[in-house]
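K.L.:
Sequence below, structure please.
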Amino acid sequence: MNITKNLKISIIFMTSVLVSTVLCISLLYQLASHSSQTAIHTGMRHNMDTYLQAETSAVQDFVSSSEQALILFSKSPVVKEYLKNQNNKDLFQKAQSYTTEYYNHLENWEGLYIANWNSKVLTYNVPEVIGKVLREGDRLEELRNGMLNAKNGIYNLGIIASPGTGKLCLSMYVPVFDTDGKTPIGYVGAGVFNDQLDTILKKNSISGLTKSQFYMINTETKINYINPDKKTLAKETTDPILLKQIELTKKQKKEGTFDYNDKIVIYKQMKNYPWSLILVNDKNEVLSSANATNKKLLFSCIVAEILICILCLLAVIITTKPLKKTATAIQKLGMLDLTPSKELQTYINGKSEVGILATEIDHMRNVFLDIINTLHSCSDAIHTSSESMTNHASELVDAVVTNASTTEQLAASMSTTTNVLTALNEKVKTIDQLISNVESVIEKGNSKSNELLDSAETIENKSQSSYKDSERNIELNRKQIEEAVNKLQELSQINTLVADILELSNQTNLLSLNASIEAARAGEAGRGFAVVASEIGNLANNSSTTAETIKNICLNASGNIKDVSNCFNQIVDYLESNVTPKFAEFSEIARGNNTMSVELQEIISNIKIIVDEFVDFVKMVTTQMSQIGEAATQNEEGIDIIVEQNNQTSLIAEHISTAIEQNNESAEQLRNIIEKFHY
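P.N.:
Numbering: from 1, shown residues only. Model (predicted):
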């Protein structure tokens, strides 16, 4: 894989084709070579077998024709008449003339003769031999038995060395019977030179086997009948090839083939004769034609491989030319060059693989163009959204700052209110103490009413003094109560501040809505801004809820303050309208008439009742002041929540600023990416 990843497809294709064709042609060559060698070897063996069969037939024809010629010679009436009348000179002359004439019509015969049953030559083609006895004793008896037992009426001794010439001859004998067909009266004999057979056999040849050697041997006597080495003729063979063939024949293998070293031997045993025809060939010569064929085949394979390579090279050049164009177009895309390729236009919308590839490349280029246009739009939208969000973030920061300032003012006001309430509470405690003192005085006055009756002047003086003191104290308390009520009325400013907080909360909510809209416009890139905008909206809603709570508390506090103010006014009015006149009347009564002591006692009782009512009012005021204190505490807690939410809003504003900066960086990166494309 690592080897081929950097190679061109043409090289890979050519290498693959070259290797595959070399392997295929090599395999084809091996198969063809083996098949041709097998076929040629089989053909050669078949030719050799055919040749040997032809030679066997030639030998058989030679023997048969020779035998027929001798049988025909023995059938002549002259032969039988002369054998029956051997002393008849006329018959001798006829028989001799017939023998000579018959012999002269034959070719390559050694001799032709007529002999009696004792093997005495009666006629011969060579007159000097006439009268000679050829066999005696056992040899004669063997000859007679052979002729009498011979099949087809002829006794063939085979090829033997002629006693007269020493040459190899086919020796044949035909018995001649009397008219009864049973009594032998003599025989005819002949010898045919083996040269004639050799000449006949040489007429046959094997094409392509010039080094083949033909042998004919007697498997019983091991005598060479035909041998390329003329010196071995008529002699017992010592050739190991022929000796091996004789052994095979003795094993009843009458015909067959075998290899001996670098020789191929094929042999055939003739019927009715102990003769074997043997053909010996050189293996190299047998396979030479196969080798020549293999060389031609190898040359053809090499030429075919070269032609295939040339054709493949042309095919690769033709087929890879458009691929190179597509590769160039792909490289242009890789270099972010989106300009249309003129060379690729001819292949676009084609049905071939190159056409499909070119179409897809052009489609990819168009997709890149669409992506770039979309990126342009997204970049512009992000830039616009960033500017808008920057403005809104600035407004949000300003609103947070204003909200913080307002909250601080509200906190300061609440602190002042708390201090005022504390002082007012102390004053109320003082009033309560004064009332307690008044009650104590009234009780003492009630207990000492009798003493007052006795000492009216003293009571008058004391009443006058008490009247003045009460008047001063009431006046002083009235001023302090008015001052406390005025300070409590400053709590109404909280409603104004709460209204400002609600206004800021609404503005924050509006900014959150604008941020959500801008984030939606930015799409995927503005998803983070949408989350931040949602958090700002939630914070604005929480601020609004808290402000509403503070507003309600302030409204309750304002109502309580009004109640307290009314209560104080009622107390002051009551003191001014009831207590002070009572003290005046008491003083007047004390100064006017001591008899009014009873009325004074009643008045004191009424004062006690009024004082009790005043105590109840003071307790109610104390309770309301506690409620106002709790409301102030709740206001402080609400203000703390607002301060904490303002801090969170500040953090969110900072996150928005950071996100805007990242958004601007992303937009800048998009612009840089787009600028890398050429279109």
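K.L.:
and Lys295, how many neighbours?
P.N.:
For Lys295, the number of neighbouring residues by other Cβ atoms under 10 Å comes to 11. The C-beta positions use only the backbone N, C-alpha and C, and glycine is treated the same way.
K.L.:
isn't there a strand covering it?
P.N.:
No: the assignment for Lys295 by DSSP: H, G, I helix; E, B strand; the rest coil gives helix, which leaves it out of any strand.
K.L.:
gap between it and Ser288?
P.N.:
Note on Lys295: its distance to Ser288, by Cβ to Cβ, to the nearest Å, is 10 Å.
K.L.:
can you check Ile318 too?
P.N.:
44 Å.
K.L.:
For those two, indicate the residue with more neighbours.
P.N.:
With other Cβ under 10 Å as the criterion, Ile318 and Ser288 differ in neighbour count, and Ser288 comes out ahead with 16 against 9.
K.L.:
So which bits of stretch 272-282 are buried?
P.N.:
Taking 16 or more other Cβ atoms under 10 Å as the basis for neighbour counts, the residues of stretch 272-282 that come out buried are 273, 275-282.
K.L.:
How are the strands of the stretch 51-200 of the chain distributed by residue range?
P.N.:
109-116, 121-124, 155-161, 168-177, 184-193 (DSSP state E, counting those that start in this stretch).
K.L.:
same deal with the chain?
P.N.:
Assigned strands in the chain, in chain order: 109-116, 121-124, 155-161, 168-177, 184-193, 213-218, 224-226, 255-260, 263-269, 275-282 (criterion: DSSP state E).
K.L.:
where are the low-confidence patches of the stretch 151-300 of the chain?
P.N.:
196-198, 200-210, 286-287, 289-290 (pLDDT under 70).
K.L.:
And for the residue lying closest to Arg135 once chain neighbours are set aside, the neighbour number?
P.N.:
Ranked by Cβ to Cβ, 6 or more residues apart in numbering and with sequence neighbours excluded, the top spatial neighbour of Arg135 is Ser119, at 4.3 Å. Other residues within reach of Ser119, judged by other Cβ under 10 Å, total 19.
K.L.:
Please report the distance of Thr50 from Ser57.
P.N.:
With distances taken as Cβ to Cβ, Thr50 is found 10 Å from Ser57.
K.L.:
follow-up on the earlier one: in TSV, list the buried residues of stretch 272-282 along with distance to Leu91.
P.N.:
Formatted as TSV, these follow (distance: Cβ to Cβ, whole Å):
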residue	distance to Leu91
Tyr273	35
Trp275	38
Ser276	43
Leu277	43
Ile278	47
Leu279	49
Val280	52
Asn281	55
Asp282	59
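K.L.:
what two of the residues you listed are the furthest from one another?
P.N.:
For the buried residues of stretch 272-282, the farthest-apart pair by Cβ to Cβ is Tyr273 and Asp282; their separation is 28.4 Å.
K.L.:
Lowest mean pLDDT among the helices and strands of this structure, which one is it?
P.N.:
Sorted by mean pLDDT, DSSP states H and E, the helices and strands of the chain end with helix 449-454, the least confident at a mean of 61.
K.L.:
quick one: the residue nearest to Arg135 from Gly189, how far?
P.N.:
Plainly put, Ser119 is 9 Å away from Gly189 if you go by Cβ to Cβ.
K.L.:
what do these two both touch?
P.N.:
Overlap between the neighbourhoods of Ser119 and Gly189 consists of Leu134, taking contacts as Cβ atoms under 8 Å, 6 or more residues apart in numbering.
K.L.:
one step back: so the residue nearest to Arg135 touches Leu140, yeah?
P.N.:
Yes: with contact defined as Cβ atoms under 8 Å, Ser119 and Leu140 form a contacting pair (5.5 Å).
K.L.:
Overlap in contacts, those two.
P.N.:
Counting by Cβ under 8 Å, 6+ apart, Ser119 and Leu140 have no common neighbour.
K.L.:
distance of Glu142 from Leu233?
P.N.:
The spacing between Glu142 and Leu233, counted by Cβ to Cβ, is 25 Å.
K.L.:
What of Thr249?
P.N.:
Going from Thr249 to Leu233 by Cβ to Cβ gives 20 Å.
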